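S.K.: no sequence on this one, just coordinates:
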């Protein structure tokens, strides 16, 4: 038999034990903070109906959905088999797709279970999502999102709570961040000033690129789209406003004095800064009027988080949406949410060597295997250690001690216990214990070993 | 706009916070035991190539795979568009499928990463799998498997280790179990005695039904398949052998005295019972010669676990395979593994009311919201509590206190803190705290509240 090609679909990844330890460290940190603030975990299925998914992420998003083929004789639904295009047939032979993000499934969840949910509802969700994007460095076709949302409350205290959680999560992970905020109502106010409300999506999409392509090119793109010089001046004057957060607020109140929507947006930002001033955050928060965030469902304050010491784009982002569940027939429910990108956070932490040592080894003791009689003796000792809360293993084969030691060394196991005939006969209950770091061999009882393990650096 | 139909694909489920707490309790218990024994976590992608998946689960299994439609202009690969069947076109327009179990992806993982893996390799994996099975009570199209395998060692100590873990997991969960073991080599020996080795799969498939359809109907089915009376007598005599485990071993040694393979199987079972006798397990283990387990890749000891107090089929099962990675071109690696079915375990624990109280509430304190000034004061207190390790939240809106209390009650929050103007002005730092269980209101400082929370029943 020829060796078959053993590979995984492009853009997907296997996670080794070492990688999993790092990822779990991040997930556990995020989860612990979510729980501290009363957020409750839910999970939704990997597959959603295409009715739920299609049309929610724009035309480009629809193309990036992974569709799942119907089971059974799916072609029986296709009548004109001859002249059929991929686009047309896809809708006939697929009813389900893989979820593209966690927000749309959450909106679907809220509508479907509205009678069982206690509002205001703080939920978190940590699951993979799938996008048929062109794979490239740092961009995958399967990746995890960690989302927290509170739905059913308009108060700005919720936005502040998300900033508090963000502050705490990255402090725990050791990542220095800067938080950027803006308000969609102010961006909306700009198109009001220009008397071109229909251009909101186009203009925000271009403004959103400031971070990637720079101030000057944003202006070029606006010109290319046919925006007149005077309008561009107005846009520029607002989105690249200089000064402290407070100076910006003052200037904007004057600029938008006749636009209620923008004034409401300014007031919301002011309220958020008021919380920050009174309660405090360890990260800096800047009022960044060029922040737009791509997704169209945002209607209020928007948030973006960047790592200060690595240039990698945003590692977290979110905002308020007033009508997300409206697409599923339940209107009038406002929510605000934030999403943390696990993959980018892993990359930042690797680059800055922020993973703690404890994530290096997961097992503290290995018993060398000298044969059947010794094995039984070691099994009993291993049980005792496990009852004390120590993770340990017995090498499963009676092979050369050199091989067993090499295994322990590769696995980074700190203590190796050697129990042969002498140790089994010893009256003092002492074994030979090899400290793998120093290479030193000592004599130790089980309890002494236990105390040594407790002193291992965390 | 008409309300769109809001639903999820059949056979899939949403998990509410309450359900998640229960499921996490089970996953965390299983994980903690896996780690105690040195098992390392990996994850593989939800999608595998169809090359990896097809042909591994029998013809029936191939039909139950969820296939993912290729992106882009997938129909360009289809030449004869007119006379095409579903079966044929599926292979042209899909290259990927959702994983059907965790074992085949693990085998693929081992082969793909063989140079990075330290053998013997103990791995665990907890991820969902997908099967386009007809949904029915207790059977879903998306469900989680929790698998532990050790690969690269032939020793029976590994089988014993899996039994130890099983024993410990179910003891921690409070489920009384019986463990059933057998050996595929003995089943293979039966067909040797009958001089019909080619019938192994057919005969084991029928024997495997003993639990579902009973002894008599198994005989009927064997007859219906054309097995002669005398052969059936031989099969019956072996698989429904009576007596203690030791008596069975003695009888079998005699029956199979001329069959090396069966003798090897008997010896392996004997060795496993030897570990059990010497080290002990709290669950009973019976040598059940009618146990066959459906999957064909098993070649040695096979294991099945049943809940004693609920009739629900097996809740865990596994066995040894000598050539699983052979299908991907890497032969000579033996492994043994076990899989725990999270959904059935949840059902058993619900039926027996085994979930501990701690899985009922996740937040210990709610602060009532009396307005802006009080909110800021409460935010500071909430921060202090969180620093002490207490999960708490502030009701985000200044609405009627009755509504806020109803929320706390529904959420099963044990303590509600009321801080109004009087409390903020109080010199003794005491708040009003409502104990929601008793309805009693007390005066308490933050530290006194903290001590009270520590005394909450686990």
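M.R.: Done, it's in. These numbers come from a predicted model, not from an experiment.
S.K.: Now do the residue of the stretch 201-350 of chain A found nearest chain B, the pLDDT please.
M.R.: Closest residue of the stretch 201-350 of chain A to chain B, Cβ to the nearest Cβ: residue A:329 (3.2 Å). (Each C-beta comes from the backbone N, C-alpha and C, glycine too.) On pLDDT, residue A:329 comes in at 90.
S.K.: Same question for residue A:442.
M.R.: 95.
S.K.: and the residue nearest to it when sequence neighbours are not counted, what does it touch?
M.R.: Leaving aside its sequence neighbours, residue A:442 sits nearest to residue A:433 (Cβ to Cβ, 6 or more residues apart in numbering or on different chains; 5.3 Å). Listed by Cβ atoms under 8 Å, 6 or more residues apart in numbering or on different chains, the contact set of residue A:433 reads A:415, A:416, A:417, A:418, A:441, A:442, A:443, A:444, A:449, A:452.
S.K.: how does it look with 6 Å?
M.R.: Residue A:433 makes contact with A:415, A:417, A:442, A:444, A:449, according to Cβ atoms under 6 Å, 6 or more residues apart in numbering or on different chains.
S.K.: In which helix or strand does residue A:416 reside?
M.R.: In this structure, residue A:416 sits in strand A:415-418 according to DSSP states H and E.
S.K.: tell me which residues in the lowest-mean-pLDDT helix or strand in chain A are buried?
M.R.: Lowest mean confidence among the helices and strands of chain A (mean pLDDT, DSSP states H and E): helix A:86-93, at a mean of 81. Using 16 or more other Cβ atoms under 10 Å in any protein chain shown as the test for burial, helix A:86-93 gives A:86, A:89, A:90, A:93.
S.K.: Wait, the first one touches residue B:74, no?
M.R.: The reference is to residue A:86. Yes - Residue A:86 is in contact with residue B:74 according to Cβ atoms under 6 Å; the separation is 5.2 Å.
S.K.: just to revisit the earlier point, contact partners of the strand holding residue A:416?
M.R.: With contact meaning Cβ under 6 Å, 6+ apart, strand A:415-418 is reached by A:365, A:366, A:367, A:368, A:408, A:431, A:432, A:433, A:434.
S.K.: The first one against residue A:391, yeah?
M.R.: No - applying Cβ under 6 Å as the test, residue A:365 and residue A:391 come out as separate, 7.7 Å apart.
S.K.: More neighbours: the two, which one.
M.R.: residue A:365 (26 against 21; other Cβ atoms under 10 Å in any protein chain shown).
S.K.: Need the pLDDT of the residue lying closest to that one once chain neighbours are set aside.
M.R.: Leaving aside its sequence neighbours, residue A:365 sits nearest to residue A:392 (Cβ to Cβ, 6+ apart; 3.8 Å). Per-residue confidence (pLDDT) for residue A:392: 95.
S.K.: now the strands for the stretch 101-250 of chain A?
M.R.: Along the stretch 101-250 of chain A, counting by DSSP state E, counting those that start in this stretch, strands occupy A:121-130, A:142-151, A:177-183.
S.K.: Is the least confident helix or strand of chain A in proximity to chain B?
M.R.: Yes - Helix A:86-93 reaches chain B (Cβ under 6 Å from any Cβ of the partner chain) through residue A:86.
S.K.: Stretch A:153-162 too?
M.R.: Yes - under the criterion of Cβ under 6 Å from any Cβ, chain B is reached by stretch A:153-162 at A:153, A:155, A:157, A:158.
S.K.: Pull the contacting residues for the third one.
M.R.: What it means is residue A:157. Residue A:157 makes contact with residue B:396, according to Cβ under 6 Å, 6+ apart.
S.K.: Now do the SS call for residue A:296.
M.R.: Put simply, residue A:296 is coil when judged by DSSP: H, G, I helix; E, B strand; the rest coil.
S.K.: now it, nearest residue through space, not along the chain?
M.R.: Nearest one to residue A:296, counting by Cβ to Cβ, 6+ apart, is residue A:201 at 6.2 Å.
S.K.: Measure how buried the one you found is and give me the count.
M.R.: Neighbours of residue A:201 under the rule other Cβ under 10 Å: 13.
S.K.: Now the residue nearest to residue A:365: phi and psi?
M.R.: Main-chain torsions, residue A:392, degrees, to the nearest 10: phi -150, psi 170.
S.K.: My read is that it contacts residue A:383, right?
M.R.: No - look at residue A:392 against residue A:383 with Cβ under 6 Å: they stay out of range, at 9.5 Å.
S.K.: What number of residues are in the vicinity of residue A:408?
M.R.: 22.
S.K.: residues touching it, list them.
M.R.: A:366, A:416.
S.K.: so how far is the helix or strand hosting it off the chain centroid?
M.R.: According to DSSP H and E, residue A:408 maps onto helix A:401-410. On the basis of Cα atoms, centre = their mean, to the nearest Å, helix A:401-410 is displaced by 37 Å from the centre of the chain it belongs to.
S.K.: Buried ones in that helix, by neighbour count?
M.R.: By neighbour count on 16+ other Cβ under 10 Å, the buried set for helix A:401-410 is A:404, A:405, A:407, A:408.
S.K.: what do you get for stretch A:412-423?
M.R.: A:413, A:414, A:415, A:416, A:417, A:418, A:419, A:420, A:423.
S.K.: can you check stretch A:385-398 too?
M.R.: Buried residues in stretch A:385-398 (16+ other Cβ under 10 Å): A:385, A:386, A:390, A:391, A:392, A:393, A:394, A:395, A:396, A:397, A:398.
S.K.: Same check on stretch A:214-223?
M.R.: For stretch A:214-223, by 16+ other Cβ under 10 Å, it's A:218, A:219, A:221, A:222.
S.K.: Among the residues you listed, give me the pair with the biggest separation.
M.R.: For the buried residues of stretch A:214-223, with distances taken as Cβ to Cβ, the pair at the greatest spread is A:219 and A:221 (7.4 Å).
S.K.: Ok, which of the strands of the stretch 101-250 of chain A comes nearest chain B?
M.R.: Here strand A:142-151 is closest among the strands of the stretch 101-250 of chain A (Cβ to the nearest Cβ), at 5.4 Å.
S.K.: Parallel or antiparallel, list what pairs with the closest one.
M.R.: Paired neighbours of strand A:142-151 in the sheet (DSSP bridges): strand A:121-130 (antiparallel), strand A:335-341 (antiparallel).
S.K.: wait, which of the ones you listed is closest to residue A:373?
M.R.: Taking Cβ to Cβ, strand A:121-130 is the member of the strands paired with strand A:142-151 nearest to residue A:373, at 47.3 Å.
S.K.: Could you pull up the mean pLDDT of that closest one?
M.R.: 97.
S.K.: neighbouring contacts of it?
M.R.: By Cβ under 6 Å, 6+ apart, the surrounding residues in contact with strand A:121-130 are A:27, A:34, A:38-42, A:66, A:98-102, A:142, A:144-152.
S.K.: Same check on stretch A:250-263?
M.R.: In contact with stretch A:250-263 (Cβ under 6 Å, 6+ apart) are residues A:185, A:186, A:188, A:189, A:192, A:266.
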